[in-house]
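Student: give me the fold of what follows.
(one chain, ligands or ions: 1)
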Amino acid sequence: MADAYFSLFSLILLLLPLYILIFLYFIVRPRPVRVPIKNRHVFITGGSSGIGLALAHQCAQQGSDVTLLARNVSKLEEAKESIKLATGRDVRIFSADVRDFESIKKVVEEVGEIDVLVCNHGVYMPQELETQELEEIRFMIDVNLMGTFHLIKAALPGMKKNRGERGPGSIAIMSSQAGQVGIYGYTAYSASKFGLRGMAEALQQEIIADNIHVSLIFPPDTETPGFVEENKRRPQLTSIIAASSGAMKADEVAKKSLNGIKSGTFIVPCNFEGFLLSVSTAGLCPQRSFLMAFMEVVTSPILRIAGLCFQWNWYESIEKWHAQKK
Ligand SMILES: *[C@@H]1O[C@H](CO)[C@@H](O)[C@H](O)[C@H]1NC(C)=O
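Tutor: Here you go, the predicted structure:
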């Protein structure tokens, strides 16, 4: 008799993952969605170089009507040429500074309804808080955070219009792995990128009823002109701590981003390391995939231990570095 109870008990226990899976299947919110991009208007900021340009190429390739916004006119024209050459498609280009709300509003009014808004612009200046000029800190917050507010605020009324007939829309926001974990030398940069996460989580709740879906993209170091230039001034400790498997190609990041946008994924990592980082920092963020939710649930204790090991390693490096300097 006791034996029978025991095997019944182990059976229930063995089936526990299945119960959790079924439970998650029913409760994950928001529900899965597909956001098509063919024959739809995709608006990309920071679109004249790096990840933005790579995304523009891929969207044009897949039949989107692409609009690019950036500051530098000659780079925009180069981008337009290269996309025309590669895909045969015309893209519209606009020069504006995302810090200037009025000019952003004007551009958005001129281009008409947007289906997919990609807030990809960003500036990156690594330095310790103590020595970084306040002007630079403000610049990063203004461009990365306020600039994204400006864009979304300007584009949202048009994006909501006739959404019923036009199908699901998307707002994609380019964060960074430095928006998931704070690293030495990234005080201002990380603050601006963490800020985007708070915005995105709240925004998704505000616009879900309008059938607009938020994707928050977390690329690792990426080989872009901006990154290569600014990285020359990266503090030594930043390089020691952030030493990773090397920088990703902009094309690869763009591909992952686009897949994330099309599948309406909220948190979009770009490589395996980023995937682990996303799972371990899932927190209370929305999750549309019950399989991913399951992954988050079962791996969380292990990933927390891994996270603590990283912290241990980083603090050891910092200690060693200071000891050497003395
Ligand atoms: C615009 O880009 C071109 C080509 O990359 C560069 O030579 C020029 O200095 C840039 N202009 C500004 C105002 O940054």
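Student: can you pull the residues of this protein lying near the ligand?
Tutor: By the rule Cβ under 6 Å from any ligand atom, the part of the chain lying against the ligand is 72, 74-75. In this view, the C-beta of every residue, glycine as well, is placed from N, C-alpha and C.
Student: can you report how many residues lie near residue 15?
Tutor: By the criterion of other Cβ atoms under 10 Å, residue 15 has 11 neighbours.
Student: and it, how far from residue 8?
Tutor: 11 Å (Cβ to Cβ, to the nearest Å).
Student: next: residue 261.
Tutor: Distance, residue 261 to residue 8, by Cβ to Cβ: 47 Å.
Student: next, the buried residues of the helix or strand encompassing residue 294.
Tutor: Secondary structure assignment for residue 294, by DSSP states H and E: helix 290-325. By neighbour count, with 16 or more other Cβ atoms under 10 Å as the criterion, the buried positions of helix 290-325 are 290, 292-296, 303, 314.
Student: out of the residues you listed, which one sits closest to residue 253?
Tutor: Set against residue 253, the nearest of the buried residues of helix 290-325 by Cβ to Cβ is residue 292 (19.7 Å).
Student: and that closest one, what is it in contact with?
Tutor: Residues near residue 292 by Cβ atoms under 8 Å, 6 or more residues apart in numbering: residue 279.
Student: give me the more crowded residue out of residue 261 and residue 8.
Tutor: Applying other Cβ under 10 Å to residue 261 and residue 8 shows that residue 261 carries more neighbours, namely 24 against 10.
Student: how about the helices of the stretch 51-200 of the chain, start to end?
Tutor: Using DSSP state H, counting those that start in this stretch, the helices of the stretch 51-200 of the chain run over 73-87, 101-111, 134-140, 147-160, 163-166, 187-207.
Student: for stretch 27-47, which positions count as buried?
Tutor: Result for stretch 27-47 [16+ other Cβ under 10 Å]: buried residues 28, 33, 35, 37, 40-47.
Student: could you tell me the end-to-end distance of that stretch?
Tutor: 37 Å (Cα to Cα, to the nearest Å).
Student: chain center to it, what's the gap?
Tutor: Stretch 27-47 has its C-alpha centroid displaced from the chain centroid by 13 Å (Cα atoms, centre = their mean, to the nearest Å).
Student: pLDDT averaged over that stretch - what is it?
Tutor: Throughout stretch 27-47, pLDDT has a mean value of 97.
Student: and which of the buried residues of helix 290-325 is nearest to residue 92?
Tutor: Of all the buried residues of helix 290-325, residue 292 has the smallest distance to residue 92: 35.6 Å, by Cβ to Cβ.
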